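Whatever this is, show me its structure:
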Amino acid sequence: MISTTDFRKGMTKLLFRNEPWVVVDFSHVKPGKGGAFVRTKLKNLKSGLLLEETFRSGEKFESPDLKHSTVQFLYAEGDLYNFLDQESFEQYTFNKSQVEPVLQYLLDGTNYTILFFEDKPIVVEAPTFMNLRVVETVPGVKGDTAQGGSKPAKLETGITINVPLFVTEDDVLKVDTRENLYIERVIEPSAHKR
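Next comes the predicted model:
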């Protein structure tokens, strides 16, 4: 059972109205009168529907019966995205709306996770952290880098994130895919030779 006290943004998955949902956002509220409650924003893992719901503090939910499988992204063909299961070698094809959450992190040959609900593949999840090469950014002005600050940088998958001023093109960066955040510059000489 999952309690409202166990909620974690983007991590907690629960069974609500017989459907699998993920907690996108939540806040605990303690009013002056009455019991505490939790305001949540949930996302349906099957349909992508967003729902705002209020629960009593401490309310419990069942865990959805989700199965995970590691797959490798093979290629995109129009609005269809093809993945290969690393254990069964079964190939899965998803439409654009099914891969929307990871679209900006799709990279050929990279492993992702497919979630299954009632033995049907429902969603593709990106790794929590990915090392991605910077393909376009403005150079930092000499002297500005010591002061801190940030600038936009376009990564090899097409997403643009804010990075420190010292980052240059061809740098490989560790990125948190849940928050689209720069974590650190990774020193990987082999990554520059792709």
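
So which elements touch the helix-or-strand element of the chain with minimal mean pLDDT?
Between all helices and strands in the chain, the lowest mean by mean pLDDT, DSSP states H and E belongs to helix 96-99, at a mean of 82. In this structure, helix 96-99 makes packing contacts with strand 80-85, strand 120-125, judged by 3 or more CB pairs under 8 Å, 6 or more residues apart in numbering; DSSP states H and E. Bear in mind the C-beta positions are built from the backbone N, C-alpha and C, glycine included.

please redo it, this time with the cut-off set to 7 Å
strand 120-125 (3 or more CB pairs under 7 Å, 6 or more residues apart in numbering; DSSP states H and E).

Extract the CA atoms of the next helix-or-strand element following the strand it packs on and return them as CSV.
Helices and strands here follow DSSP states H and E; after strand 120-125, the next one along the chain is strand 129-137. Coordinates of each C-alpha in strand 129-137 appear next as CSV, following Å, rounded to 0.1, in the frame of the first residue of the first chain:
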residue,chain,number,x,y,z
PHE,A,129,20.4,10.6,-15.9
MET,A,130,21.8,10.7,-19.4
ASN,A,131,25.1,11.9,-20.8
LEU,A,132,24.5,14.1,-23.8
ARG,A,133,26.7,16.1,-26.1
VAL,A,134,26.3,19.9,-26.6
VAL,A,135,25.7,20.6,-30.3
GLU,A,136,25.1,24.3,-30.1
THR,A,137,25.7,27.1,-27.5
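
In terms of secondary structure, what does strand 129-137 contact?
Counting by 3+ CB pairs under 7 Å, 6+ apart, strand 129-137 packs on strand 150-155, strand 172-176.

Alpha carbons of the least confident helix or strand of the chain, as PDB, please.
Presented in PDB, the C-alpha positions along helix 96-99 are these (Å, rounded to 0.1, in the frame of the first residue of the first chain):
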ATOM      1  CA  LYS A  96       4.200   9.800 -30.900                       C
ATOM      2  CA  SER A  97       1.700  10.500 -28.100                       C
ATOM      3  CA  GLN A  98       3.000   7.400 -26.200                       C
ATOM      4  CA  VAL A  99       6.600   8.500 -26.300                       C
END
